[in-house]
Structures are given as C-alpha cells and as structure tokens.
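Colleague: Sequence and predicted structure below; questions after.
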Amino acid sequence: MSARVIIVVLGKQGAGKGTQCKRLAAHLAIPHVSTGDMLRAAVRDATPTGLEVSSILAAGQLVSDDLVNRLVRERFTADDARGGALLDGFPRTLAQAEALDEILGDDGVKICINLDVTNSLVTERLSSRRVCQECGNIYRDSDIEAISGTCSNCGGDVIQRDDDLPAAILQRLEVYERDTAPLLSFYEGRGLVVRVDGDQEPDAVTAQILALLAQRGVG
Ligand code: ADP
C-alpha cells in the first residue's frame, strides 16, 4: 500500500479543481474523490445524509467534519482507491487534514496542488457556471448544454447550483479564507505544496500541473 499516491487539490471555489481533477484522474489512473460531488449526489438521491446536509450546502456553509471524514474513510475502502486518489474539496479544515493523516496511516499525502486565483475571477466563473446533475460535467451559461438544459456527455439535467447564487458565493469565499486557507501553511510546513496559476486556460493549467508532478516523480 505504500505506493499509494494521494494528491490534495486546494483552491478557492471556482478555481478549477473539479475540471483539473477530472483530467488528472484520467491521466494518472486514480479516482477523483470530490466530497462536494458525494454530498450533492446524496442530496439528489434524498438519502438520510442528503436530507441532513441539503440546506447547509445551499447556504454555502460547511457540513460537519465528522460527516465528511466518515464519507472519505468509507471511500478509501473501495478497490479503485488502492493506487491513490485526487482529493477535491477535502480536507477543508485543519481538523479534516488531521483526520486524513489518520485515515491514510503510513501513506500520507504526497503532494498538495494549490490552484491560485483571484476573488473577482472566481466570482465571475461561479456565477456563470452550470453543472450536470448526473455526471458533474461543468458548463458555462452560454454553452448550448446550459441553454438546452441537457448534458451532451450523459443526457442528464444541466442546472445552476443553489450555492452558485450571489449570496452563497460570498459566503463560500469567506468560509474558504477562514477555514481552508490555513491548510496551505499546514502542507507548506511539510514541503508538499506546488503552486499553479489557475488564471489560465484549462489546458495550460493541466500542462503546468503535469510538469510539476513529473518533477516530483508522479505521472
Ligand atoms: P465548492 O468548492 O465550489 O464550494 P464543492 O463541490 O467542493 O464546491 O462543495 C460544495 C459544498 O459541499 C460546500 O460548500 C460544503 O457545503 C460541502 N462540502 C464539500 N466538501 C466539504 C468538506 N470537506 N467539509 C465540509 N463541507 C464540505
């Protein structure tokens, strides 16, 4: 198990974590583990967890550390995570980072990618973002999929997330500064952080990440 490659992707909401993780997961053949996607699926399917968290998600607040820690712990028992995982949206608090260390044991986090973007850029991106409820594909409001409401990848419904409405965006960016930004120093202290300029075209961001990973012997 010690060859497990655990990559944490940090960055504000709308920094491009989901888009980049999907690409990197395909390239590195490890799963993209997004706690946001897991929680949204639970809300969509109206599971007990989904009913518990739906109003918290819509308001842009964080759900409890215990709940997400449990989701991630379970996720790591699946076969496809034996080679590693790209973690998107987890950890998001110092308590979650400590729980992750405990979940991973000897393996530990190998690299932390920080996607750097300005608040004005992410606010613009989030307001125009639309997502497929089924496969999570991301579109812009001007894309045909957003206008027709149908995903070209899977035929699912393309919607605007409740938390991509203006009040929730502000709230999420505040929560990010307060709870999640401190994680950068936590992983910097371990020498694990690589910084990437997220204010570039998606292909350029992917290329920069892959080059940085290769320098560290991953990929
Ligand atoms: P974003 O990063 O754009 O806010 P995510 O899809 O990562 O989107 O998360 C959506 C929502 O799910 C968050 O606003 C929060 O309510 C909840 N969530 C996701 N991951 C976590 C986490 N690790 N801890 C607490 N809440 C989380």
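Modeller: Done, it's in. Numbers count the residues shown, from 1 in each chain.

Colleague: how about the residue lying farthest from the centre of the chain, what does it touch?
Modeller: In the chain, Ser148 marks the outermost C-alpha relative to the chain mean, sitting 26.1 Å out by Cα atoms, centre = their mean. Applying Cβ atoms under 8 Å, 6 or more residues apart in numbering, we find Ser148 in contact with Val158. For every residue, glycine as well, the C-beta is placed using N, CA and C.

Colleague: how about the nearest residue to the residue in the chain that the ligand sits nearest to, chain neighbours excluded?
Modeller: Going by Cβ to the nearest ligand atom, the ligand is nearest to Gly36 of the chain, at 1.8 Å. Excluding its sequence neighbours, the residue lying closest to Gly36 (Cβ to Cβ, 6 or more residues apart in numbering) is Gly89, at 4.5 Å.

Colleague: thinking the one you found is in contact with Lys17, fair?
Modeller: Yes. Gly89 lies in contact with Lys17 (Cβ atoms under 8 Å); the separation is 7.0 Å.

Colleague: So for those two, which residues contact both of them?
Modeller: Residues within reach of Gly89 and of Lys17 at once, by Cβ under 8 Å, 6+ apart, are Ser34.

Colleague: ok, what's across the strand from the most centrally placed residue in the chain?
Modeller: Nearest residue to the geometric centre of the chain (Cα atoms, centre = their mean): Asp88, 2.6 Å. For Asp88, the beta-bridge partners are Val9, Ser34 (DSSP bridges).

Colleague: Surely it touches Met38?
Modeller: No. Using Cβ under 8 Å, Asp88 makes no contact with Met38, being 10.3 Å away.

Colleague: all helices for the chain, in order.
Modeller: Here the chain has its helices, by DSSP state H, at 17-28, 35-44, 48-59, 65-75, 94-104, 119-127, 144-148, 166-175, 182-188, 202-215.

Colleague: Including distance to Ile111 and mean pLDDT, could those go into a markdown table?
Modeller: Output for the helices of the chain, formatted as a markdown table (distance: least, Cβ to Cβ, whole Å; pLDDT from 0 to 100):
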| stretch | distance to Ile111 | mean pLDDT |
| --- | --- | --- |
| helix 17-28 | 11 | 94 |
| helix 35-44 | 19 | 94 |
| helix 48-59 | 28 | 94 |
| helix 65-75 | 18 | 97 |
| helix 94-104 | 13 | 96 |
| helix 119-127 | 22 | 93 |
| helix 144-148 | 32 | 97 |
| helix 166-175 | 24 | 92 |
| helix 182-188 | 9 | 96 |
| helix 202-215 | 7 | 96 |
